[in-house]
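next comes the sequence, and after it the predicted model I'd like to discuss.
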Amino acid sequence: MTNTAHQEHHYHFGRGGRDAEHQKHQADIQALLDQHHLIDRVVEILPNGFNAITTSTDKHIATILQTHVTDMKARFAKGRAIRSWDKVYALLFAYREQVHVEYQLLSNGVQSQVTTDNPNLVAVLHAHAHAVSSFVAEGRKAASESYPLSPETLEKLPLHPHN
Ligand code: HEM
C-alpha cells in the first residue's frame, strides 16, 4: 500500500472545493473516520460487485452514516468527484455510468448493493468494498492510504483527464 502525505497526491479530477456542500460532506466523513470504532460492517463479495451492511449502535453515528451514503449517491450521480487522488475513487467516478448503486436505509445504518455489468470494473468495486471496510477498521490511518489495484486492472480502465 502507498502511504503518501496528502499534499503530495495527484488529484485526477481536481480537489473537492471549498463550498458549503463539500465542507459538509467532508465533516461527515471526518466524523465517521474519528468514530470508526463505533461502526460495524459486513461485506458479501459478489461476482459482479458487493453487498454491504454498515451499522452503528450509536444513533448519532448511524444518522451520519445514512446522510453520508445519501449525499455520496447524489454526488456520484452528478459526477462531482471526491478523493480523486485515490485511483479506486477516481475510477468509480470516471466509470459511474456503469456502476449501479442501490441503498436501503436500516434503523441503525444502511444496506448497499454496488454492481456492474463491466467485468473490468469488478475489481474496482471489490477494492472499494474493502477500502470502506478498512476505514471502518482503522479510521484515518486507512483513509490516508489507497487500496491497491493490480496493474492488469489499471491497464484495462484508462482514466482520461476529466472524463
Ligand atoms: C469510516 C469511514 C467511512 C464509512 C463508514 C463510509 C461508508 C460508506 C458506505 C456504507 C457507502 C455505501 C457503499 C458501500 O457500502 O461500500 C459509502 C459510499 C461512498 N463513500 Fe464512504 N465511508 C467512509 C469514508 C469515506 C471517505 C473517506 C470518502 C471520500 C473522501 C468516502 C466517499 C464515498 C463515496 C464517493 C461513496 C459512493 C460510491 C459508492 O457508493 O460506490 N467515504 N461510504
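It's in. Numbers count the residues shown, from 1 in each chain.

low-confidence regions, the protein specifically.
Applying pLDDT under 70 to the chain flags the ranges 1-8, 161-163.

mind redoing it with 80?
1-9, 13-18, 160-163 (pLDDT under 80).

quick check: residues of it near the ligand?
Contact residues, the chain versus the ligand (Cβ under 6 Å from any ligand atom): 29, 32-33, 36, 39, 52, 54, 65, 68-69, 72, 76, 82-83, 89, 92, 101, 110, 112, 114, 128-129, 132, 135-136, 143. All C-beta atoms are positioned from the backbone trio N, CA, C, and that covers glycine.

so which residues of this structure form strands?
Here the chain has its strands, by DSSP state E, at 39-46, 49-56, 99-106, 109-116.

and among those, the most buried is which?
Scoring those by mean neighbour count under mean count of other Cβ atoms under 10 Å gives strand 49-56 as the most buried, with a mean of 20.

show me what it packs onto, helices and strands only.
When contacts are defined as 3 or more Cβ pairs under 8 Å, 6 or more residues apart in numbering; DSSP states H and E, strand 49-56 packs onto strand 39-46, helix 59-77, strand 99-106, strand 109-116, helix 122-138.

I'd like those laid out as a markdown table, including distance to residue 24.
Formatted as a markdown table, the helices and strands packed on strand 49-56 follow (distance: least, Cβ to Cβ, whole Å):
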| stretch | distance to residue 24 |
| --- | --- |
| strand 39-46 | 19 |
| helix 59-77 | 8 |
| strand 99-106 | 18 |
| strand 109-116 | 18 |
| helix 122-138 | 18 |
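
so residue 160 sits against residue 93, correct?
No. Assessed by Cβ atoms under 8 Å, residue 160 is found out of contact with residue 93, at 11.7 Å.

how many neighbours does residue 60 have?
As a burial measure, residue 60 scores 11 neighbours (other Cβ atoms under 10 Å).

to clarify, my last question referred to residue 155.
Using other Cβ under 10 Å, residue 155 has 9 other residues around it.

cool, residue 77 as well?
The number of residues packed near residue 77 is 11, by other Cβ under 10 Å.

list the contacts for the residue lying closest to it once chain neighbours are set aside?
Nearest residue to residue 77, sequence neighbours excluded (Cβ to Cβ, 6 or more residues apart in numbering): residue 96, at 7.7 Å. Residue 96 sits next to 76-77, 79 when contact means Cβ atoms under 8 Å, 6 or more residues apart in numbering.

the helices and strands packed on strand 49-56: which one's closest to residue 18?
With respect to residue 18, and counting by Cβ to Cβ, the nearest of the helices and strands packed on strand 49-56 is helix 59-77 at 15.6 Å.
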